[in-house]
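In: Provided below for reference: sequence and predicted model.
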Amino acid sequence: MENNIYTPKLARITRIETVTSIEKIFDISFAEKEDQENFNFLPGQFVELTVFGVGEAPFSITSNPNNKVKFQLCIRAAGSVSKAIHNLKEGAKIGIRGPFGKGTFPYEKAKGHNVLVIAGGLGLAPLMSFITYMMDYRDKYKNVMIIYGAVTPTNILYKNDIAYWSTRDDISVCVTVDNPDDKWTGEIGVCTKLIPRVDFKPEDTYTLVCGPPVMYKYVIKELEKKKFKEDTIFLSLERRMECGVGKCNHCHIGDKLVCVHGPVFSLWEVRNLKEAI
Ligand SMILES: Cc1cc2nc3c(=O)[nH]c(=O)nc-3n(C[C@H](O)[C@H](O)[C@H](O)COP(=O)(O)OP(=O)(O)OC[C@H]3O[C@@H](n4cnc5c(N)ncnc54)[C@H](O)[C@@H]3O)c2cc1C
Ligand code: FES
């Protein structure tokens, strides 16, 4: 029988980690060994996750594509589906469709160049797939810098990974918070403040950006001040989705569908979607 694109495959939550008051990381494996083995994704792609009896929503895959045993999602409790996922326990059965999206982070194009990663809030989650993949092939990339902005120190995601990157001399990490607490000794302010310090040559650098929509305008302004080019800046976009596979038209921007042509687009593509950022 032919596979129905709307039928999710059965999967299980194998581990849950509470990372902030509103975000949890979920390890997921397919129930069938064959489904797990055939699940190949690229950095930037997403899945549609079903909570049975509640509904379905898209989530970026946050784990390293080289991990074939399981994959990870980082989910913020925002509404009906995401709150229902937060209420699930380890071992719970869920449905997964995907991976979806043809627009991925430029993991191939960026080889042989500097990489600048700029993340705001939950935006670090989709970028984790790219960052962990890049670390597996670290010698293929030149200098790497990660700039991450969070609202407060308690909102910082992936603290262990950040601590580990800070111990390495082949990657530079700068974390800043809008509202520090008494213990915070790091940078204060929005992440755009740190961009003027980047000393990578624009013609030799790929920049990957993911964060709340309001952040993009200011990040792009700072990058363009430094003469970074439109076709080397990549942005992950979010739109309300239904089908995830290019059928319902819910996620269109101009003549493009975020679920099929994105969710990652170059700034050049975004500007040619005729939707101003
Ligand atoms: C490609 C992609 C990747 C994503 N990756 C992640 C991720 O990694 N982690 C993550 O936590 N989230 C991610 N999201 C967001 C996620 O898919 C959901 O939008 C989010 O979890 C809320 O869904 P929900 O069903 O829980 O909430 P909903 O019940 O849909 O409500 C969420 C909020 O949206 C509002 N809302 C509800 N319906 C509409 C509507 N029709 N139009 C406008 N607003 C509406 C509600 O009022 C509420 O404020 C991603 C989205 C996309 C498109
Ligand atoms: S979500 Fe249906 S076309 Fe993109």
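Out: That came through, no problem. Ligands and ions are numbered 1, 2, ... in the order given.
In: Tell me the residues of this protein that contact ligand 2?
Out: Selection of the chain residues close to ligand 2 by CB under 6 Å from any ligand atom yields Met241, Glu242, Cys243, Gly244, Gly246, Lys247, Cys248, Asn249, His250, Cys251, Leu257, Cys259. (Glycine included, C-beta is placed from N, CA and C.)
In: Which of those fall within helices?
Out: Among the residues of the chain next to ligand 2, the residues falling in helices (DSSP state H) are Cys259.
In: For ligand 1, see how far away the residue of the stretch 51-200 of the chain found nearest ligand 2 is.
Out: With CB to the nearest ligand atom, the shortest gap between the stretch 51-200 of the chain and ligand 2 falls at Pro58, namely 7.8 Å. Using CB to the nearest ligand atom, to the nearest Å, Pro58 is found at 4 Å from ligand 1.
In: Repeat that for Ile188.
Out: 26 Å.
In: now swap in Thr62 and tell me
Out: 6 Å.
In: if we can go back for a sec, helix/strand/coil for the residue of the stretch 51-200 of the chain closest to ligand 2?
Out: Under DSSP: H, G, I helix; E, B strand; the rest coil, the three-state class of Pro58 is strand.
In: That one - how many residues pack around it?
Out: Pro58 has 23 neighbours, counted by other CB atoms under 10 Å.
In: need the next SSE after the longest strand along the chain, C-terminal direction.
Out: Criterion DSSP state E: the longest strand present in the chain is strand 9-18. The helix or strand immediately downstream of strand 9-18 is strand 23-30, counting by DSSP states H and E.
In: close to ligand 1, is that next one?
Out: No - Strand 23-30 does not reach ligand 1 (CB under 6 Å from any ligand atom); its nearest approach is 7.1 Å.
In: buried sites along stretch 162-176?
Out: Trp165, Ile171, Ser172, Val173, Cys174, Val175, Thr176 (16 or more other CB atoms under 10 Å).
In: if you skip the residues just before and after it, what's nearest to the last one?
Out: Distances taken as CB to CB, 6 or more residues apart in numbering place Glu187 nearest to Thr176, at 3.7 Å, with adjacent residues excluded.
In: can you pull the contacts of that neighbour?
Out: Residues near Glu187 by CB atoms under 8 Å, 6 or more residues apart in numbering: Cys174, Val175, Thr176, Val177, Lys193, Leu194.
In: mind listing what the fifth one touches?
Out: To tie it back to what came earlier, the one meant is Lys193. Thr176, Glu187.
In: For it, which three-state class applies?
Out: Per three-state DSSP, the secondary structure class of Lys193 is helix.
In: where's it relative to Ile118, distance?
Out: 12 Å (CB to CB, to the nearest Å).
In: what's the neighbour count on whichever residue of the chain sits closest to ligand 1?
Out: Per CB to the nearest ligand atom, Gly79 is where the chain lies closest to ligand 1, at 1.9 Å. Residues within reach of Gly79, counting by other CB under 10 Å, total 10.
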